[in-house]
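Peer 1: just need the structure, nothing else, for what follows:
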Amino acid sequence: MGDLSAWSEAYRRAGTREEAFETLSGVPLAPLYGRHGALDPDDAGAMVDPDEELPGQYPYTRGVYASGYRTKRWTMRMFAGFSTAIETNQRFHELLANGGTGLSVAFDLPTLMGRDSDDPRSVGEVGKCGVAIDTLEDMRDLFSGIDLGAVTTSMTINAPAAFILASFIAVAEERGVARERLAGTLQNDILKEYQAQKEYYFPPRPSARLVRDTIAFTAAEMPKWHPISVSGYHIREAGSTAAEELAFTLANGFAYVELGQAAGLDVDAFAPQLSFFFNAHIDFFEEIAKYRAARRLWARWLRERYGARDPRSWQLRFHTQTAGVSLTAQQPEINVVRTALEALAGVLGGTQSLHTNSMDEVLSLPTDRAARIALRTQQVIAYETGVANVVDPLGGSYLVEALTDELEARASAIFAEIERLGGGSMLEGAFVGIDDGYYQGRIADSAYELEKRISAGERVIVGVNAFTAGNEEDEIPTLVIGPEVEARQIERLRRVRRQRDEEAQRTAIRRLVDEARDPERNLMPALIDAARARASVGEVMMALGEVFGLYEEPPR
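Peer 2: You can find the predicted model right below:
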């Protein structure tokens with residue numbers, strides 16, 4: 001730690017956006033500040049304590065990049081999806097035209113659950129909370145007119161994630177975009193589904209096999225793709241504390257590392273492609289400390305426990321989304337303020353990409369105007385506040401450093417509990433913890449304790465239990481998804497079935513089932529063939545269910 005020459009070299013290698021940065025009053029800003037003041041890459045005599053951490057250096061508490069945002073700002077990745085693929089494609093084009101720099105796909109509930117739009121269990125949900133994707137034809141429409149080799153794409157889906165990725169690959173290849181050019185992220189974090197979000201299909205162990213297959217496939221063929229976004233976001237939304245979000249997320253990440261190693265992969269062959277997804281909640285300084293502690297813990301465990309030697313394996317890179325659960329239906333315009341503060345915490349914590357929630361998301365899917373305001377919130381932070389002009393501007397804060405240490409200690413205690421459950425294995429600990437309700441119980445207890453504090457008035461929520469003047473005002477306009485959307489999507493799906501080559505579809509499904517019976521086979525090639533044959537999401541999931549079985553959570 002404290003190697004100024006190494007930091008200077010890395011900083012110069014990255015380059016800077018401008019020659020110099022200064023405050024609005026004209027006060028010049030150094031790239032970096034340490035215990036003894038300003039640090040400049042050209043100042044060889046600058047004083048740096050031997051134990052002082054610098055950005056871009058192990059264990060990366062101060063950030064994974066030496067230059068922070070001075071070289072490149074975070075990706076402004078707006079989460080979008082509603083109605084049909086055609087309507088969502090129009091929203092994508094609008095977001096990109098307004099300065100968005102990455103796409104993030106929100107899928108509707110039937111797609112998330114691995115069901116087709118005409119499944120009886122899908123009635124009333126098609127296109128409501130995201131976009132409906134049934135077949136390759138929908139994936140084509142979703143990315144119409146978008147260069148998949150130039151835009152990074154995130155897809156927030158888990159149980160059917162492998163097939164959704166297969167469909168994306170098939171569309172890209174139809175357009176002449178090779179696999180190695182595709183950049184983006186597949187959420188694909190199935191462990192947290194059993195722990196918090198509950199969008200599962202198969203039992204945990206065969207589901208983990210699909211995750212393993214995507215890890216191995218992308219490591220070999222898609223070097224720019226992140227096969228998993230290990231997601232604390234949903235754990236926090238379900239009611240966990242910041243410490244539990246931190247601990248459960250990283251523990252799941254460690255479990256996926258063990259999953260890859262068990263498949264015979266060298267840790268450095270796939271760990272650099274793992275990414276993370278954290279919540280940006282309303283407790284400003286605690287959130288900043290959470291991100292710093294996450295980077296430090298990940299770096300130490302990957303190097304010391306899992307034997308990673310490539311520094312890229314030690315570097316935790318993450319996406320952030322502001323807290324949906326912090327938004328209120330009362331006085332929804334105040335949600336703009338909440339979102340801005342949460343987004344600022346994500347930026348000061350060093351996020352690599354950011355989604356800002358729209359003020360109306362507690363009421364409906366965002367309107368165009370609300371989504372644009374949410375994007376503008378990020379742009380104000382990036383271009384007006386000056387917070388991106390200095391690398392890790394809160395490093396050295398007594399409060400932030402103390403909170404970072406405390407959250408690290410609390411997370412480490414939880415790691416020890418999970419490790420005990422698994423007899424020394426974090427992967428086995430995840431399976432056992434799911435089976436015996438360990439995760440679900442802790443999250444439920446934390447959610448209950450918070451609700452008690454809110455009900456007692458000990459935790460103030462503006463517009464809910466205090467400062468309620470204005471609650472009686474008219475609601476803001478919201479987006480309405482009518483029943484005609486479901487009818488159109490069902491008719492589209494049935495048309496694809498009528499027009500496809502049925503024998504090719506049946507052959508592709510038979511191959512998939514046969515290969516699923518062999519636990520050593522990687523299923524991604526068979527899934528890509530099934531997508532090309534116009535098999536639907538529901539058909540693929542039902543076929544795999546014949547081999548893997550279906551999961552029902554035991555009553556607690």
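
Peer 1: burial check on the closest residue to Pro272 other than its chain neighbours, number of neighbours?
Peer 2: Nearest non-adjacent residue to Pro272, counting by C-beta to C-beta, 6 or more residues apart in numbering: Arg312, 3.8 Å away. Quick note: C-beta positions are derived from backbone N, CA and C, even for glycine. The burial count assigned to Arg312 is 13, neighbours taken as other C-beta atoms under 10 Å.

Peer 1: doesn't Arg312 belong to a strand?
Peer 2: No: according to DSSP: H, G, I helix; E, B strand; the rest coil, Arg312 belongs to no strand; its state is helix.

Peer 1: could you measure from it over to Arg303?
Peer 2: 12 Å (C-beta to C-beta, to the nearest Å).

Peer 1: ditto for Val105
Peer 2: 34 Å.

Peer 1: ok, now Leu109?
Peer 2: From Leu109 to Arg303 the distance is 40 Å (C-beta to C-beta).

Peer 1: hang on, isn't Ala293 packed against Ala402?
Peer 2: No: contact criterion C-beta atoms under 8 Å: Ala293 and Ala402 do not qualify, at 11.3 Å.

Peer 1: comparing those two, which shows the higher neighbour count?
Peer 2: Set side by side, Ala293 and Ala402 show more neighbours around Ala293, with 27 against 12, by other C-beta under 10 Å.

Peer 1: what sits against the more buried one?
Peer 2: 61, 246, 404-405, 407-408, 411 (C-beta atoms under 8 Å, 6 or more residues apart in numbering).

Peer 1: give me the buried subset of these.
Peer 2: Among those, those scoring as buried are 61, 246, 404, 407-408, 411 (criterion: 16 or more other C-beta atoms under 10 Å).

Peer 1: need the residues that contact the strand or helix carrying Thr218.
Peer 2: Thr218 belongs to helix 204-221 when assigned by DSSP states H and E. Contact with helix 204-221 is made by 159, 161-162, 165, 179-180, 186, 188, 190-191, 194, 200-202, 225-228, 256, 259-260, 262-263, 265, 269-270, 273, 427, 430-431, 434-435, 519, 522-524, 547-549, 551, as judged by C-beta under 8 Å, 6+ apart.

Peer 1: all helices for the stretch 401-550 of the chain, in order.
Peer 2: 426-435, 438-455, 483-499, 502-516, 524-532, 537-548 (DSSP state H, counting those that start in this stretch).

Peer 1: which strands and helices sit next to the shortest one?
Peer 2: Going back to what we said before, that points to helix 524-532. Packing partners of helix 524-532 (3 or more C-beta pairs under 8 Å, 6 or more residues apart in numbering; DSSP states H and E): helix 136-142, helix 161-174, helix 204-221, helix 502-516.

Peer 1: let's see 6 Å
Peer 2: helix 161-174, helix 502-516 (3 or more C-beta pairs under 6 Å, 6 or more residues apart in numbering; DSSP states H and E).

Peer 1: with mean neighbour count, distance to Val537 and mean pLDDT added, can I get these in CSV?
Peer 2: Output for these, formatted as CSV (neighbours: other C-beta atoms under 10 Å; distance: least, C-beta to C-beta, whole Å; pLDDT from 0 to 100):
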stretch, mean neighbour count, distance to Val537, mean pLDDT
helix 161-174, 23, 6, 98
helix 502-516, 16, 13, 98
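
Peer 1: just put those in TSV and tack on distance to Asp138.
Peer 2: Compiled in TSV, these are given as follows (distance: least, C-beta to C-beta, whole Å):
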stretch	distance to Asp138
helix 161-174	8
helix 502-516	16
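
Peer 1: which one of those lies nearest to His281?
Peer 2: Taking C-beta to C-beta, helix 161-174 is the member of the helices and strands packed on helix 524-532 nearest to His281, at 25.5 Å.
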